[in-house]
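In: just coords:
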């Protein structure tokens, strides 16, 4: 009784009478794996029915009606279904169930019936001898075992003549046999007593990757007319048509007498926009022709297009870590600092901070948590400056701690998977391991996963520990120097030419193999990133990049010393340049 999703399809008879069911009947029978047992009962009588006079009867392994009974209750409205299911069935069954009980348990050789006022009115299987594994239905051997049976849409009453109901083939049977654990139609029944033509989608939903190019919508027909063709419009009713090749409507035609499926091919627009997964709903409309043709079920189809764009990862740097304060306890005074090395403001609300263990925290600021270019943001375990050692914390996290030995600080983008930055500090092997002082990165342009690029803070703050939360690091190096620890003799950045220069200069890069995550960056003498010349995968060989003396915003920079930096995952080299205006 949960879903009124049936298709009640009737033709107007002389004297304007409609064909109706004579009583309730079994519309679906499920004998699936494990506890996946369910019985669906349909009301096509034209009026609400009191269920209190109805029971489900069960016979186990042969015998006579009824060894076990399940009483029903409530009212079943016209056109609705009532589902009885085993209480341990799959969630897909339980979601449609109106009554769950452990008594709803049967195997293929167990007869299941529907009774009214103590009299059997419908059955799957029959009393008498045990059939063995199960009963044959529609020519399918042992179809009552490990199958789903669905009553054909033109059946108007139950039957206690099981042999006639089961039939000997697909044409003379009252049932359609589906594979084991088929639940897609549970909770709805197509009732078409006049045997009129219906048009419906083959399924109700599917998904496709944006880069797949096309998707075929499958439209099916039931009871095609031998002399009249049937047509239907496949209409897009929700979603942006531009994302589906400007699709709006397409008409399909089923030739007279043909039951062949019709295919509507939809073009998937593969754009470069980061828009997330999108749902598009199609609906069958204007069905005509056939034998009083109308819409069947499902009449709507939802296509989910999975976005194939990945977000551009902002250049947010883990710049300072206080893992072992001395002035206060670790549980009060741990914090770390982020630096925005990007050319635009970045909102980190919805990002995740974690380690490689079980620590994890989803940043939820109740709104934007923005870091402007060249600015800092402090995240801490305690926001009270009176108890946290005197740190001005911009955001308080939980569920995440900084170990005094080796640990990781990992920053995950809002998509939940893309890693923005990480620091794997090692407790003193290559990284500093101070007590009462933070670990500071010498320059935000350096590789922060190399211990040689970190040092101990030398500036006092708050209650007596050392660090520079929310400000330039005390050991900041103004010149981005080559670091032998990071250098690879196969990756090269050559002196720019000309140098000094005005208005532009060329920087040559050489890489030994195709390399991902290569950056060619321009910094000023303060260590601020001015321009990104390249960020991506670089092919093997030499590559020339021209810098025209402008920043990422299109502004002309002033006379001065600048540094061109080549950075890979494990290499960092720079050259010094002089711009003269």
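Out: On my side now, so go ahead. Everything numeric in this text was worked out from a predicted model, so none of it was measured. Numbering: from 1, shown residues only.
In: CA only for contacts and neighbour counts going forward, please
Out: Fine.
In: Tell me the spacing between residue 458 and residue 440.
Out: Note on residue 458: its distance to residue 440, by CA to CA, to the nearest Å, is 9 Å.
In: If you count neighbours, what's buried in the top strand by length along the chain?
Out: When the chain is parsed with DSSP state E, its longest strand is strand 278-289. Of the residues in strand 278-289, 278, 279, 280, 281, 282, 283, 284, 285, 287, 288, 289 count as buried by neighbour count, 16 or more other CA atoms under 10 Å.
In: Endpoints of stretch 390-405, how far apart?
Out: Start-to-end, stretch 390-405 (CA to CA) is 24 Å.
In: Excluding chain neighbours, what is closest to residue 317?
Out: residue 339 (5.1 Å; CA to CA, 6 or more residues apart in numbering).
In: phi, psi of that neighbour?
Out: For residue 339, the backbone dihedrals (degrees, to the nearest 10) come out as phi -130, psi 140.
In: what's across from it in the sheet?
Out: Assessed by DSSP bridges, residue 339 has beta-bridge partners residue 317, residue 376.
In: tell me the SS of residue 421?
Out: In three-state terms, and counting by DSSP: H, G, I helix; E, B strand; the rest coil, residue 421 is strand.
In: wait, doesn't residue 326 sit right on residue 436?
Out: Yes: using CA atoms under 8 Å, residue 326 is in contact with residue 436, at 4.2 Å.
In: Mutual contacts of these two, please.
Out: Counting by CA atoms under 8 Å, 6 or more residues apart in numbering, the residues touching both residue 326 and residue 436 are residue 465.
In: quick one, which of those two is more surrounded?
Out: Taking neighbours as other CA atoms under 10 Å, residue 326 and residue 436 compare with residue 436 leading, 21 against 17.
In: Got phi/psi on the more buried one?
Out: Per-residue torsions, residue 436: phi 80, psi 10 (degrees, to the nearest 10).
In: Can you name the residues that contact it?
Out: For residue 436, the contact set (CA under 8 Å, 6+ apart) comprises 324, 325, 326, 327, 465, 466.
In: May I have the residues that are in contact with the second one?
Out: Residues near residue 325 by CA under 8 Å, 6+ apart: 333, 334, 435, 436, 437, 438, 465.
In: Give me the subset of these that lies in strands.
Out: Per DSSP E, the subset of those in strands is residue 465.
In: quick check, nearest of the contacts of residue 325 to residue 209?
Out: residue 334 (43.3 Å; CA to CA).
In: residues near the closest one, how many?
Out: Neighbour tally, residue 334, other CA under 10 Å: 25.
In: So it sits against residue 327, correct?
Out: No: taking contacts as CA under 8 Å, residue 334 lies outside contact range of residue 327: 10.9 Å.
In: did I read that right, residue 243 in a helix?
Out: Yes: secondary structure of residue 243 (three-state DSSP): part of a helix.
In: And it, how close does it get to residue 279?
Out: The gap separating residue 243 from residue 279 is 11 Å, by CA to CA.
In: same question, residue 333
Out: 46 Å.
In: that older thread, quick check, distance from the longest strand of the chain to the centre of its chain.
Out: Relative to its parent chain, strand 278-289 has a centroid offset of 25 Å by CA atoms, centre = their mean, to the nearest Å.
In: can you check stretch 83-93 too?
Out: Between the centre of stretch 83-93 and the centre of its chain there are 25 Å (CA atoms, centre = their mean).
In: Tell me, please, where in this structure the pLDDT is lower than the cut-off.
Out: 1-19, 194, 274-275, 309-312, 478-490, 570-571 (pLDDT under 70).
In: show me the contacts for the most centrally placed residue in it.
Out: Nearest to the geometric centre of the chain sits residue 277, at 7.7 Å (CA atoms, centre = their mean). Going by CA under 8 Å, 6+ apart, residue 277 touches 304, 305, 306, 307.
In: Could you count how many residues lie near the closest residue to it other than its chain neighbours?
Out: Once flanking residues are discounted, residue 277 sits nearest to residue 306: 4.5 Å by CA to CA, 6+ apart. When counting by other CA under 10 Å, one arrives at 17 neighbours for residue 306.
In: bridging residues for residue 306?
Out: Going by DSSP bridges, residue 306 forms beta bridges with residue 209.
In: Against residue 418, how distant is it?
Out: From residue 306 to residue 418 the distance is 17 Å (CA to CA).
In: what number of residues lie near the closest residue to residue 347 other than its chain neighbours?
Out: In space, not counting the residues next to it along the chain, residue 347 is nearest to residue 370; the distance is 4.2 Å by CA to CA, 6+ apart. Residue 370 has 15 neighbours, counted by other CA under 10 Å.
In: helix or strand for residue 102, which one?
Out: Assessed by DSSP states H and E, residue 102 sits outside every helix and strand.
In: ok, which stretches of the stretch 151-300 of the chain are strands?
Out: Applying DSSP state E, counting those that start in this stretch to the stretch 151-300 of the chain gives strands spanning 175-178, 190-191, 198-201, 205-209, 214-222, 230-238, 249-254, 262-267, 278-289, 294-295, 300-306.
In: For these, give me CSV that also has distance to residue 383.
Out: Listed next are the strands of the stretch 151-300 of the chain as CSV, based on distance: least, CA to CA, whole Å:
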stretch, distance to residue 383
strand 175-178, 61
strand 190-191, 61
strand 198-201, 57
strand 205-209, 44
strand 214-222, 52
strand 230-238, 46
strand 249-254, 57
strand 262-267, 52
strand 278-289, 39
strand 294-295, 61
strand 300-306, 40
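In: Minimum distance to residue 513: which of those has it?
Out: strand 205-209 (30.9 Å).
In: What is the distance between the closest one and the centre of its chain?
Out: 11 Å.
In: May I have the secondary structure class of residue 92?
Out: Classification of residue 92 using three-state DSSP returns helix.
In: Could you give the number of residues near the nearest residue to it once chain neighbours are set aside?
Out: Leaving aside its chain neighbours, residue 92 sits nearest to residue 183 (7.0 Å; criterion: CA to CA, 6+ apart). Neighbouring residues of residue 183 were enumerated by other CA under 10 Å; the total is 19.
In: Residue 183 and residue 90 touch, don't they?
Out: No: here residue 183 does not reach residue 90: they are 9.6 Å apart, not a contact under CA under 8 Å.
In: Domains of this structure: list them as residue ranges, please.
Out: Per automatic domain parsing, the structural domains of the chain span 7-191, 198-306, 316-466, 492-579.
In: Can you list the neighbours in contact with stretch 67-74?
Out: By CA under 8 Å, 6+ apart, the surrounding residues in contact with stretch 67-74 are 50-60, 103-104.
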